[in-house]
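1. Need a 3D model of the sequence below.
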Amino acid sequence: MPHWSILGQEHITSHLGNSIAQGRLSHAYLIAGPPLSGKTTLALDIARALNCTGADPPCGGCVQCRRITLGRHADVQVVTLSPDPRTGRMRNAIAIEQVREMEQRAALGPFEGKSLAFVIDPADKLNAESANALLKTLEEPPPRVTLLLLTSLEQEVLPTIRSRCQALELKPLGQEVIAQALTREHNVAPEDAALLAKLSGGKLGWALAAAKDPKVLEGRQERLEVLLEVLGSGLERRFQVAQEMAAQFGRNRPPVLEALALWLSWWRDLLLVRAGAPQLAANADWQASIAERAARYSAEEARAVAREVLATMERLEANVNARLALDALMLAMPRKK
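-> Modelled structure (predicted):
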């Protein structure tokens, strides 16, 4: 049987398995999913399948699979954000010279395996120049070369790129799947695994990161504390928070979108508490605080704010002015009660 490292994505592994059996793997895949949902794991699974020498690729045990797992395979290369050699500062986009270097390497073909795989992460950071340079490889791929584009913001990837890739969309995992993986494979205590699985939003990578690094939960705590601070503050502090979030969004978008997604889940939980279903709340460690707030805000108020948070996320992803979008969100938040 094939050994897929990705968990709970049978709709993808079944499709890939059929493609492998028919010898019809695509030359380019766009792997989309939330941060820490398993995109890199899936990309490496595909790279292993392309180079596996076992009977049922990816077998996970042959020399090719093991070298890819260890990050030592010459034919699996990552193209990502890197420092500008002129300034030493981290670039905010994948540069055209990086794509040209990749194309030069692609022309040489694989060195030690059967196929050369490039992992482009994040694909939404390809700017107009680098994306247009990549189009040539997507339209006329060299033999035995596969492009694996990863993104948490699929709509940010240029349509000309998306249309030339086969899309693989990761789905959230069930809590039981995540909890079992944490306990069986990573020795997390069952009660901790159950809580992390509930908080993860279906993202195994997030649960693993939280199990290994206390700062993950601390960051989550801080984001929810900011929400409560906003609810208890006047306009001056609210607009200060909007300014801070807009500035961060200009530097690095995902953390701001993740914070808003967390805020959205908090309001959803408040609605569940008001509806008499607290057991369905995602933020189990905040139940007391949410229950206390549920007594202050009506269901109509909570639904209105939840809609506004979701609309703000959509506006930010559509490149609306971040400060204006976040200011509008702060104005839509209920006043102090």
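
2. rest of the way, CA atoms for contacts and neighbours
-> Noted.

3. What's the local residue count around the residue nearest to residue 333 when sequence neighbours are not counted?
-> Nearest residue to residue 333, sequence neighbours excluded (Cα to Cα, 6 or more residues apart in numbering): residue 305, at 6.1 Å. Applying other Cα atoms under 10 Å, we find 21 residues neighbouring residue 305.

4. cool, residue 222 as well?
-> Residues near residue 222, counting by other Cα under 10 Å: 12.

5. Which secondary structure element is home to it?
-> If you go by DSSP states H and E, residue 222 is part of helix 214-231.

6. Restricting to C-alpha, output that helix in CSV.
-> The C-alpha trace of helix 214-231 is given here as CSV (Å, rounded to 0.1, in the frame of the first residue of the first chain):
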residue,chain,number,x,y,z
PRO,A,214,4.0,27.2,24.0
LYS,A,215,4.3,30.4,22.0
VAL,A,216,1.6,29.2,19.6
LEU,A,217,-1.0,29.1,22.3
GLU,A,218,0.4,32.3,23.8
GLY,A,219,-0.1,34.0,20.5
ARG,A,220,-3.6,32.8,20.2
GLN,A,221,-4.3,34.0,23.8
GLU,A,222,-2.9,37.5,22.9
ARG,A,223,-5.1,37.8,19.8
LEU,A,224,-8.3,37.0,21.8
GLU,A,225,-7.2,39.4,24.5
VAL,A,226,-6.9,42.1,21.9
LEU,A,227,-10.5,41.4,20.8
LEU,A,228,-11.8,41.7,24.4
GLU,A,229,-9.7,44.9,24.8
VAL,A,230,-11.4,46.4,21.7
LEU,A,231,-14.8,45.5,23.0
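
7. what's that helix packed up against?
-> helix 204-212, helix 235-251, helix 253-274 (3 or more Cα pairs under 8 Å, 6 or more residues apart in numbering; DSSP states H and E).

8. by how many degrees do that helix and helix 204-212 diverge?
-> Helix 214-231 and helix 204-212 meet at an angle of 100 degrees, taking axes from the mean of the first three to the mean of the last three Cα atoms, to 10 degrees as the criterion.

9. Low-confidence regions, the stretch 201-337 of the chain specifically.
-> Along the stretch 201-337 of the chain, segments meeting pLDDT under 70 span 336-337.

10. hmm, back to that, which parts of the helix holding residue 222 are buried?
-> By neighbour count with 16 or more other Cα atoms under 10 Å, helix 214-231 contains the buried residues 217, 223, 224, 227, 230, 231.

11. Need those in a markdown table (columns: distance to residue 107).
-> Below are the buried residues of helix 214-231 laid out as a markdown table (distance: Cα to Cα, whole Å):
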| residue | distance to residue 107 |
| --- | --- |
| 217 | 45 |
| 223 | 46 |
| 224 | 49 |
| 227 | 51 |
| 230 | 54 |
| 231 | 57 |
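
12. Could you single out the nearest of those residues to residue 196?
-> Nearest to residue 196 among those: residue 217, at 9.4 Å, using Cα to Cα.

13. how about the nearest residue to that closest one once chain neighbours are set aside, what does it touch?
-> Nearest non-adjacent residue to residue 217, counting by Cα to Cα, 6+ apart: residue 210, 6.0 Å away. By Cα atoms under 8 Å, 6 or more residues apart in numbering, the contact set of residue 210 is 196, 216, 217.

14. ok, now with 10 Å
-> Neighbouring residues of residue 210 by Cα atoms under 10 Å, 6 or more residues apart in numbering: 196, 199, 200, 204, 216, 217, 218, 220.

15. okay, the residues you listed in JSON lines with distance to residue 36 next?
-> Compiled in JSON lines, the contacts of residue 210 are given as follows (distance: Cα to Cα, whole Å):
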{"residue": "196", "distance to residue 36": "14"}
{"residue": "199", "distance to residue 36": "13"}
{"residue": "200", "distance to residue 36": "10"}
{"residue": "204", "distance to residue 36": "7"}
{"residue": "216", "distance to residue 36": "12"}
{"residue": "217", "distance to residue 36": "14"}
{"residue": "218", "distance to residue 36": "17"}
{"residue": "220", "distance to residue 36": "14"}
